[in-house]
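> Quick one, structure for this:
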Amino acid sequence: MQPVSKIPTTIVTGFLGAGKTSLIRHVMENANGRRIALLINEFGDVGVDGDILKSCSNDACPESTIIELPNGCICCTVADDFLPAMEKLLAMPGSFDHIVIETSGLALPKPLVKAFDWPAIRSRLTVDGVIAVVDGPAVAAGHFADDADAIAKQKAEIGLIDHDNPLAEVYEDQLLCADLIILNKTDQMDAAAITQVKADIAREVPRAVHIIETAHGRISPEILLGLKAAAEDDIANRPSHHDTEEEHDHEDFESIVIALPEMADAATLHRRIAGAVATHDILRVKGFVRIAGKPMRYLVQAVGARISGHFEGIAAAHGGCVVVIGRKGLDHAAIRAALSENDFASVG
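Below you'll find the model as predicted:
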């Protein structure tokens, strides 16, 4: 008997706002006949990324083959969430050429790769590759890079025993598990910054991993799919800050879903988000909002102080909502007020 061919599965990881959804959307729109299934996991109650990807579904990637797992992290709930979701995909009629998993921006990819060694999964699926998407401008600004000399000096001066940076650990764990690293948003960087970030990444990752530069996640599917890494057989070469832990959680982060009425204009929305980000410890904002006089919904996204948005070809619902993600201890009431009051009076 011929062995049953395993379905290759690509895990797309990357920190909040790095551009994972844009990359996957580009793959869907350029699938070239491949039948692709998607599993999307978000840290927050509202599946914004799922809505974005469903809006560009096609014959090769129909909406029915997109499964969402909002409000959680599959690296923490493998048995409860990931395995049932994969069983649901495998039970669908027809067959897939490829499965793509988009993890939440706070996910550690290694526990997910380990799950592919479970007998129920190993016989049907293989990890074709782990793709780490990096927000180039953010890393160039030092958001996830600790100054080792400064830390050593601080320890010597004030006796600091430990330096804990959970954001840096998440970023580093994603790089350490990767088979391919996508340096995204290079259109916002100069040559010197690109060279520096690539050198920093190369020092962080002990094994040879290609780094590909891009903007807006525009990478050919032929590059991303078909790596044949069989990552589940290579766990030992993917170190993690959490290797000695029985389990891990995301108690350093939290999310808030904020319902918003119809907005007067996009500029006001951006200004309000910018004010909230500057005042509170917010990492990421994303969601859909209705703008007065516009029939289509407005997709707004913010990564730190960088805010962008555009109208999508989907009719707007009444009002809208955004997901706000930040470090634990966010002032929910203050953030809701900052995004909802005054300029955000409902129109009509």
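> rest of the way, CA atoms for contacts and neighbours
Fine.
> Which SSE is immediately downstream of the helix or strand that residue 8 is a member of?
Using DSSP states H and E, residue 8 maps to strand 7-14. Going down the chain from strand 7-14, the next helix or strand is helix 20-29, by DSSP H and E.
> Show me what counts as buried in that following helix.
Of all the residues in helix 20-29, those buried under the rule 16 or more other CA atoms under 10 Å are 20, 21, 22, 23, 24, 25, 26, 27, 28.
> The strand or helix carrying residue 334: how far from the chain's middle?
In this structure, residue 334 sits in helix 332-340 according to DSSP H and E. The chain centre lies 24 Å from the centre of helix 332-340; the measure is CA atoms, centre = their mean, to the nearest Å.
> Now do that helix: everything it contacts.
The contact list for helix 332-340 (CA atoms under 8 Å, 6 or more residues apart in numbering) reads 256, 258, 260, 261, 269, 272, 273, 275, 276, 280.
> which residues pair with the first one across the strands?
Note on residue 256: beta-bridge partners residue 324, judged by DSSP bridges.
> Without its sequence neighbours, what residue ends up closest to residue 14?
Excluding its sequence neighbours, the residue lying closest to residue 14 (CA to CA, 6 or more residues apart in numbering) is residue 133, at 4.6 Å.
> Verify the stated contact: the one you found with residue 22.
No: counting by CA atoms under 8 Å, residue 133 sits too far from residue 22 to count as a contact (10.4 Å).
> thinking again about what came up before, output the buried residues of helix 20-29 in CSV, with distance to residue 284 and pLDDT appended to each entry.
Formatted as CSV, the buried residues of helix 20-29 follow (distance: CA to CA, whole Å; pLDDT from 0 to 100):
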residue, distance to residue 284, pLDDT
20, 14, 89
21, 14, 84
22, 16, 86
23, 18, 90
24, 19, 88
25, 20, 85
26, 22, 87
27, 24, 87
28, 24, 83
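> Sort out which one of those lies nearest residue 92 for me.
residue 28 (18.8 Å; CA to CA).
> on that earlier part again, show me which positions of the helix holding residue 334 end up buried.
Buried residues in helix 332-340, defined by neighbour count with 16+ other CA under 10 Å: 335, 336, 338, 339, 340.
> same thing with stretch 195-215?
Buried residues in stretch 195-215, defined by neighbour count with 16+ other CA under 10 Å: 197, 198, 201, 202, 205, 209, 211, 213, 214, 215.
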